[in-house]
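**Q** sequence and predicted structure below; questions after.
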Amino acid sequence: MITVNEAKQRILANSKPLPVETLAIENALGRVLAEHINTPLSLPSFRQSSMDGYAIIHTDISKERSALTLTGESKAGQTNIQTLQAGSAMRIFTGAPVPENATAVIMQEHTSVENGVVIINEFPVEAGKNVRNIGQQIKEGAVALEKGTLLSPGSIGFLQGMNVWEASVYKKPKVGLLITGDELLKKGDPIVFGKIYESNSSMLAAALQQEGILDLEIKYSDDDLESTIQALTELSEKHDMVLASGGISVGDYDFVGKAMEAIGAETIFYKVRQKPGKPLLFAKKEQKLFFALPGNPASSLVCFYEYVLPALRIMSGRQDPFLRSLKMSSKYAYTFNGERDEFLKGLIENDAVIPLDGQESFALRSFAIANAIIYLPTSQNVVKEGDLVEVHLLPF
């Protein structure tokens, strides 16, 4: 049995980015850039007005002289650049080209117009006021986004605004999910004494979807070695990662570990000194990764966020694989005994974190309202109210 930190380090050491593909920018949300993108043009590519108002030559204005002759206008999308004469002002709109010779734009709220004369009511006027200069946002040839950037809606808009319409990105992993357990009922099955409705498939599928992983295949197997081997074989042939839920403890009907060994997956570790989620298995066959998660739902989801998610992110090219971590004060005291680190479902409220009720490995009610996981090593098994604890923020 290894420590939490040792388990995470082994996952880092055995997870590699997947190959690269080229995607249209509009289809690349949530993907990671596989190479730098240099901007093909400056932004803005011409001097623009940042306000509705009047373009002027700032030296024409003083306390003694504030009246300028109104001549023409410049609107957004105008392709010809006019020249502004001394002593005159040009009507201009946000995003429009600033005319030649103009050195500033005065907001229309600071002006008045009478009989073709613009009265400026603002002093002093500095050169460049309300003018977006060429390359003010980024200059042609500069690195617009670096390799490793996670593409967000903002970055996609940024790239298209530079006339970049496709990008080289890392592929997203294809995932196979195996659900085991003769005690499980599926949707539509009548309730039967001694059986429970299966929830891990939808729960893990939702967690994968939240990470942008949509290529998912789910299989079910009986609690016997042969069907488990067959299901794992079929999933491993088609997917980059295989997750198994249940069948990984030490019971007479737990066959996942033996089945992974039978298909040639090398065990990297089995069992982590933690609660919940002790019977976690991580294995590898060539470049394919295998995780056997505990069948108890809360244990399974903790292990997904703490171990599976980092591996998926590395495979997707991300350089920040783990959940965002910070220190927060605990709203309530909490103590535990034993030799295993604990992961608690937590709720962040008003700059403090609440260790929720219902921390048992089978209980999902607390996970349903949690927005964080509290990590308590055995060295911090006594937490007083107000003590700082390590908090991992759940993705939303």
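**A** Nice, I can see it.
**Q** export stretch 275-292 as PDB, just CAs?
**A** Output in PDB follows, covering the C-alpha atoms of stretch 275-292 (Å, rounded to 0.1, in the frame of the first residue of the first chain):
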ATOM      1  CA  LYS A 275     -10.100   6.900   3.100                       C
ATOM      2  CA  PRO A 276     -12.300   6.500   1.200                       C
ATOM      3  CA  GLY A 277     -10.900   4.700  -1.800                       C
ATOM      4  CA  LYS A 278      -8.200   2.400  -0.400                       C
ATOM      5  CA  PRO A 279      -8.700  -0.400  -3.000                       C
ATOM      6  CA  LEU A 280      -7.600   1.700  -6.000                       C
ATOM      7  CA  LEU A 281      -5.600   0.000  -8.800                       C
ATOM      8  CA  PHE A 282      -3.600   1.700 -11.500                       C
ATOM      9  CA  ALA A 283      -2.200  -0.300 -14.400                       C
ATOM     10  CA  LYS A 284      -0.700   0.200 -17.800                       C
ATOM     11  CA  LYS A 285      -0.400  -1.700 -21.100                       C
ATOM     12  CA  GLU A 286       1.800   0.000 -23.600                       C
ATOM     13  CA  GLN A 287       0.400   3.500 -23.700                       C
ATOM     14  CA  LYS A 288      -3.100   2.600 -22.500                       C
ATOM     15  CA  LEU A 289      -4.000   3.400 -18.900                       C
ATOM     16  CA  PHE A 290      -6.300   1.400 -16.600                       C
ATOM     17  CA  PHE A 291      -7.900   2.400 -13.400                       C
ATOM     18  CA  ALA A 292     -10.000   0.100 -11.200                       C
END
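**Q** which parts of it are buried?
**A** 275-284, 288-292 (16 or more other Cβ atoms under 10 Å). In short, each C-beta sits where N, CA and C put it, glycine included.
**Q** max pairwise distance over these: which two?
**A** Greatest spatial distance in these: K275 and K288, 28.9 Å, computed using Cβ to Cβ.
**Q** from the buried residues of stretch 275-292, which is closest to R65?
**A** L289 (74.1 Å).
**Q** L68 reaches T59, doesn't it?
**A** No: judged on Cβ atoms under 8 Å, L68 makes no contact with T59 at a distance of 11.8 Å.
**Q** neighbour-wise, which of these two wins?
**A** Per other Cβ atoms under 10 Å, whichever of L68 and T59 has more neighbours is L68, with 24 against 11.
**Q** pretty sure that one sits in a strand.
**A** Yes: per DSSP: H, G, I helix; E, B strand; the rest coil, L68 lies within a strand segment.
**Q** could you find the closest non-adjacent residue to it?
**A** A89 (4.0 Å; Cβ to Cβ, 6 or more residues apart in numbering).
**Q** partner residues bridging the one you found?
**A** L70 (DSSP bridges).
**Q** ok, it - how many residues close by?
**A** Using other Cβ under 10 Å, A89 has 29 other residues around it.
**Q** I'd like the numbering to begin with 39 instead of 1 from here.
**A** That works, and once the first residue is 39, the last one we named lands at A127.
**Q** just checking, it touches T107?
**A** Yes: the pair A127 / T107 is scored as a contact, 7.1 Å apart, by Cβ under 8 Å.
**Q** pull up the distance across stretch 401-412, start to finish.
**A** Using Cα to Cα, to the nearest Å, the span of stretch 401-412 from its first residue to its last is 16 Å.
**Q** my error: substitute stretch 383-391 in the last question.
**A** Distance across stretch 383-391, first residue to last, is 10 Å (Cα to Cα).
**Q** same check on stretch 204-224?
**A** 42 Å.
**Q** equivalent analysis for stretch 174-193, please.
**A** Counting by Cα to Cα: the opening and closing residues of stretch 174-193 are 17 Å apart.
**Q** need the residues that contact that stretch.
**A** For stretch 174-193, the external contacting residues (Cβ atoms under 8 Å, 6 or more residues apart in numbering) are 63, 66-82, 196-197, 200, 202, 205, 207, 355-357.
**Q** may I see the buried residues of stretch 214-222?
**A** Buried positions in stretch 214-222, judged by neighbour count with 16+ other Cβ under 10 Å: 214-219, 222.
**Q** how many residues are close by A244?
**A** Per other Cβ under 10 Å, the neighbour tally for A244 reads 11.
**Q** am I right that it is in a helix?
**A** Yes: under three-state DSSP, A244 falls within a helix.
**Q** state which helix of this protein is the longest.
**A** In the chain, with assignment by DSSP state H, the single longest helix is helix 263-276.
**Q** so what secondary structure elements neighbour it?
**A** Counting contacts by 3 or more Cβ pairs under 8 Å, 6 or more residues apart in numbering; DSSP states H and E, helix 263-276 is packed against strand 213-218, strand 254-259, strand 279-283, helix 294-300, strand 326-331.
**Q** who's in contact with L347?
**A** 245, 249, 359-361.
**Q** over to L252?
**A** Counting by Cβ under 8 Å, 6+ apart, L252 has contacts 210, 246.
**Q** any idea whether it is helix, strand or coil?
**A** Note that with three-state DSSP, the state of L252 is coil.
**Q** could I get the full set of helices for the chain?
**A** 42-52, 191-198, 238-248, 263-276, 294-300, 335-341, 347-353, 403-407.
**Q** not counting the longest helix of the chain itself, show me its contacts.
**A** With Cβ under 8 Å, 6+ apart as the test, helix 263-276 has contacts from 212, 214-216, 218, 255, 257-260, 280, 282, 285, 293-294, 296-298, 300-301, 303, 323, 326, 328.
**Q** any idea how far it is from the chain center?
**A** Counting by Cα atoms, centre = their mean, to the nearest Å, helix 263-276 is centred 31 Å from the centre of its parent chain.
**Q** same check, this time on stretch 327-338
**A** With Cα atoms, centre = their mean as the basis, the mean position of stretch 327-338 lies at 22 Å from the chain mean.
**Q** that'll do, ta.
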